Every structure is written in C-alpha cells, then in structure tokens.
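Trainee: Model the following, please.
(3 chains)
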Amino acid sequence: MPELPEVETVVRGLRPVLPGRRIASVRLGKTDFIDDPAALERELPGCRIADVQRRGKYIVLPLERDARGDNSPLLIVHLGMTGRLAVQAAVAPAAAHTHAYFTLDDGRELRFTDPRRFGRIALFSAAQFAAAFARLGAEPLEVSEVDFRRLLAGRRARIKALLLDQRFLRGIGNIYADESLWRAQLHPMRLGASLSFADAHRLLEAIRHILRAAIRLGGSSISDFVDANGLPGEFQMRHRAYDREGKGCFRCGARIRRIIVTGRSSYFCPRCQPTPRLRRAAQRKKKSARRK
DNA sequence: CGTTGAACCTGTTTGC
DNA sequence: TGCAAACAGGTTCAAC
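Mentor: Predicted coordinates:
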C-alpha cells in the first residue's frame, strides 16, 4: 500500500499534530518488526517530537531529549505493506493488529497498526541515521534530469527493477512504477541503459506528474490504506495500468497485460509500451522454439 | 553486475 | 459450500 504518495499523505496528516508534543509513555504488543523494543521503552518517554519528515517511504520523527538535548535520536517508521500510523484519542478502541502505542502529553496516542508486520520501527542515533539513509537514492521529485540520466547510464537492469530499487530512487513502489512506465510508454523490461535521451525525459516527467497527482489525491487506497485521519486516498480512480489486466488501455484501447518482472506483477499496454528487442542469444532461442 | 526465488506474516480473493 | 491456492502496496538474503 504505502509508496511515496501514501507516506507523504500520512506525514502531512501528522505534521499539524505531532511537533511540540512530548511522548509520555510507550506500550508495545508484538515486537518482531521493531529493531530494539527495549530501547523504545527506555529512551522514548520524555522525548519531545521536533518534526515529522519523509525520506522515501520512511517516516522520520526527530526527537529532542529533556533539557540539554544534544545527541538527539530519531524515531523511524516504515509502513511496509499494511502499516498505519495515526493519532487517536486514548479512549478510542484500537484497531486489530495495533502493536505500538505512544501516549502523548495531551493524553492522545500515536498508534502503529500493521496486520502483516512487514513494517519497521527503529530508534536511531544521528550517526546511525546518517549511515542507514546514505544508502538511499535521490528523491524522485527532487532529482534533476541530468542526474536521472546519469543514474540510468550503464545500468543493465530492467527499468522496472531500477524504479523499485530504493538505492536508485527512493519512494517508488509497484503501483507508481507501472503507472509511470505507462505514461512514459516504456515497457517494464527495457534495460536502463537502453533508454534514449527522449525516453529518459519522458520517464522523469511521468514520474513527477504521477507522484504529484497521487499526493494531491491523498494516495491510492487499494484495500486498506488510510491517512493519519483514517480517510482513504482517491488516486486508485486514476490508475491507468496497475491492476487493470484485460481492461482497455486508456490511450489506445488494447487490453492491458500482466507479466512478472523482477518477481512483481507488472501491468502494461502491449501496444503503447512495445516489447524491447531481445538480446541475440535469447532471440535465437526463441526463434528455434517457435520453429518446432 | 544482475536475476530468481524464498522468506517474513496475515487477510482476502479466486478456482476447482 | 468448502477448502486450497494465489495474491497483495515492501525489503532482504542466499544462490546462481
């Protein structure tokens, strides 16, 4: 569920609420997705939440410790596939699979809910944070076209694999990869280095357009995504490729197809997003197979 | 460098 | 109707 636009939507919902609040206490349920549960219970009470930020698909809460405040830690939350983070009244009944409760100094609670527990919560020192996040690629809404072309140069991986690789760009997942490739009219199996100047230009434009539109509509709600206020997004109404197997292409009418690329379902229009030329060895193999 | 497949875990949808 | 298989927004790791 949560890719860059959904995480951004959650962050924008929390930003008017959390900064300035202090964490009074911590309660944990299942903890197998938390790096060091004991550290949360030990370190968090008394900390003031200074800000709410997003880095790729990560939510980052910089904290300030009591008086002197140096060596301040950062609380990191990743929503995985089914994670939710929301502030609720302490008396409100908790949704099923709510595994972390952070009581705030106004009596309300910041709650983390995640049925599949693919999410992650960690408490990082400034140094740990810098080291961990140095591996992530650029923000797709901030990278320049020149840098984007440099990233593609020499990459023999499929463009779909690159878009999903958080060290290439951070924040794009399966939905927005497919939607961007559809808009740019590029087949998901194209190799990164094979993209022409014009291809790369169209792809970056598509990524920017799609992500901005999705943020504007509060993200995509496929089955269970809701923002920090419990409201679903609306960008799923605008999907042109994702989860549309067998339906007509919005551009040319051809039936959208689903194939597996990099182990993930990939939806594309076989007419608008033409199959790349195969490499010679693979091509020979196919030809001989066809002759039989 | 790249790719593939499996693993993590639960819930929902699909197919026989 | 019932049960099993397939599938799901993500990340990581081993094996090739």
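Trainee: Please identify the buried residues of the one helix or strand residue A:206 maps to?
Mentor: Following DSSP states H and E, one finds residue A:206 within helix A:197-216. Under the neighbour-count criterion of 16 or more other Cβ atoms under 10 Å, helix A:197-216 has A:199-200, A:202-204, A:206-208, A:210-211, A:214-215 buried. Backbone N, C-alpha and C define where each C-beta goes, glycine included.
Trainee: what does stretch A:75-89 give?
Mentor: A:75-80, A:82-88.
Trainee: mind listing which of those are in strands?
Mentor: A:75-78, A:84-88 (DSSP state E).
Trainee: Same list (the residues you listed) but as CSV, adding pLDDT.
Mentor: Shown next, in CSV, are these (pLDDT from 0 to 100):
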residue, pLDDT
A:75, 98
A:76, 98
A:77, 98
A:78, 98
A:84, 96
A:85, 97
A:86, 96
A:87, 96
A:88, 96
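Trainee: Which parts of the stretch 151-292 of chain A are helices?
Mentor: Assigned by DSSP state H, counting those that start in this stretch, the stretch 151-292 of chain A shows helices spanning A:159-164, A:174-184, A:197-216, A:280-291.
Trainee: Format those helices as JSON lines; extra columns: mean pLDDT and distance to DNA strand C.
Mentor: Listed next are the helices of the stretch 151-292 of chain A as JSON lines, based on pLDDT from 0 to 100; distance: least, Cβ to the nearest atom of the strand, whole Å:
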{"stretch": "helix A:159-164", "mean pLDDT": "98", "distance to DNA strand C": "7"}
{"stretch": "helix A:174-184", "mean pLDDT": "98", "distance to DNA strand C": "4"}
{"stretch": "helix A:197-216", "mean pLDDT": "98", "distance to DNA strand C": "11"}
{"stretch": "helix A:280-291", "mean pLDDT": "56", "distance to DNA strand C": "16"}
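Trainee: Nearest to DNA strand B among the ones you listed would be which one?
Mentor: helix A:159-164 (4.1 Å; Cβ to the nearest atom of the strand).
Trainee: thinking again about what came up before, from the ones in strands among the buried residues of stretch A:75-89, pick the one nearest DNA strand C.
Mentor: Checking these against DNA strand C by Cβ to the nearest atom of the strand gives residue A:78 as the nearest, at 6.2 Å.
Trainee: Show me the beta-bridge partners of that closest one.
Mentor: residue A:58, residue A:120 (DSSP bridges).
Trainee: residues of the helix or strand containing residue A:23 that come out buried?
Mentor: Element membership for residue A:23, per DSSP H and E: strand A:23-28. Buried residues in strand A:23-28, defined by neighbour count with 16+ other Cβ under 10 Å: A:23-24, A:26, A:28.
Trainee: Leaving out the residues flanking it, which one is nearest to residue A:83?
Mentor: Computed as Cβ to Cβ, 6 or more residues apart in numbering, the closest residue to residue A:83 that is not its neighbour in sequence is residue A:119, at 3.6 Å.
Trainee: and the stretch 51-200 of chain A, which residues reach DNA strand B?
Mentor: A:96-97, A:115-118, A:154-158, A:161, A:192 (Cβ under 7 Å from any atom of the strand).
Trainee: Would you list the buried entries among those?
Mentor: Among those, those that count as buried by neighbour count (16+ other Cβ under 10 Å) are A:97, A:115, A:117, A:155, A:157-158, A:161, A:192.
Trainee: ok, the strand holding residue A:23: who's next to it in the sheet?
Mentor: Partners of strand A:23-28 in its sheet, by DSSP bridges: strand A:98-104 (antiparallel).
Trainee: what about the strand it pairs with, average pLDDT?
Mentor: The average pLDDT for strand A:98-104 rounds to 98.
Trainee: Now do the helix or strand containing residue A:38: distance to the chain's middle.
Mentor: Using DSSP H and E, residue A:38 sits within helix A:37-43. Put simply, helix A:37-43 sits 26 Å off its chain's centre (Cα atoms, centre = their mean, to the nearest Å).
Trainee: Buried residues, it. List them.
Mentor: A:37, A:40, A:43.
Trainee: try stretch A:60-73
Mentor: Here stretch A:60-73 shows A:60-64, A:73 as buried, counting by 16+ other Cβ under 10 Å.
Trainee: Provide a list of residues in contact with residue A:64.
Mentor: Residues in contact with residue A:64 (Cβ atoms under 8 Å, 6 or more residues apart in numbering) are A:47-48, A:50, A:72.
Trainee: dump the residue contacts of the residue in the stretch 151-292 of chain A that DNA strand C sits nearest to.
Mentor: Closest residue of the stretch 151-292 of chain A to DNA strand C, Cβ to the nearest atom of the strand: residue A:173 (1.7 Å). Going by Cβ under 8 Å, 6+ apart, residue A:173 touches A:2-4, A:57, A:164.
Trainee: Sweet, I'm off.
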